[in-house]
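Enquirer: Build the 3D model from these lines:
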Amino acid sequence: MKEHTGQHLDNLAKKAMTSSGLKAPSIDFTAKVMKEIESIRIGSSTVYKPLITKYGWFGIIAILIGVSLYMTLGNVEGSTLLDAVDYSVISNNKVTSVLSGITFSKTVMYAIGFFGLVFFIQIPLMKHIMTKCLEY
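Expert: Predicted structure coming up:
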C-alpha cells in the first residue's frame, strides 16, 4: 500500500515539475541584488552592546567586596566566618588520596605546557582572523 502511495506522489510531483516549467530571472536581477546588498552594508553599522553594563560590573564588584569584607571582619560567636567553615573535607577524602599517587613524566609535563602555550597564543590569532573576516 505504501509503495502505491509513493508512486502516486512521485507521479504527481513529476507532473507538477513538467507543467510549471523553468522560470528565468530578469536580465538585471544580479545588478539589483548587488545594489540592495551595498545599500544594506553602507546604511547599517553594527552597534555592539556589552552583555554586562558598567553599572552591572560596579554592582558585581560591590557585592564581591561586601562579601569578602563580611567574611574577614564579621564575627560569628567570637571568630570570623572563615574560621567557622570546616575545610578538612577538601583535603581528607578518597579522591585527593587517589589523585595524589599519580605522577607524570617530564615529557608529558612539557607536552601539556607546550599545548597550553600554543592554545593561549592561538586565541588572539583566531580572534584577529575572525575580526578581519567580519570587516569585509
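Enquirer: And the helices in the protein, which stretches?
Expert: Along the chain, counting by DSSP state H, helices occupy 2-20, 29-43, 54-73, 81-84, 88-91, 94-99, 106-135.
Enquirer: Could you tell me the least trusted of the ones you listed?
Expert: When the helices of the chain are compared on mean pLDDT, helix 81-84 scores lowest, with a mean of 64.
Enquirer: if we can go back for a sec, save the helices of the chain as JSON lines, and put in mean neighbour count too.
Expert: Every C-beta, even on glycine, is put in place using the N, C-alpha and C of the backbone. Shown next, in JSON lines, are the helices of the chain (neighbours: other C-beta atoms under 10 Å):
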{"stretch": "helix 2-20", "mean neighbour count": "9"}
{"stretch": "helix 29-43", "mean neighbour count": "10"}
{"stretch": "helix 54-73", "mean neighbour count": "10"}
{"stretch": "helix 81-84", "mean neighbour count": "12"}
{"stretch": "helix 88-91", "mean neighbour count": "8"}
{"stretch": "helix 94-99", "mean neighbour count": "9"}
{"stretch": "helix 106-135", "mean neighbour count": "9"}
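Enquirer: quick check: domain ranges of this protein?
Expert: For the chain, the structural domains run 51-100, 103-136, going by automatic domain parsing.
Enquirer: just so I know, which of those lies nearest A31?
Expert: Ranking the domains of the chain by proximity to A31 (C-beta to C-beta) places domain 103-136 first, at 20.6 Å.
Enquirer: ok so, going back, out of the domains of the chain, flag the one nearest P25.
Expert: Among the domains of the chain, domain 103-136 comes nearest to P25, with 25.8 Å by C-beta to C-beta.
Enquirer: Good, wrapping up.
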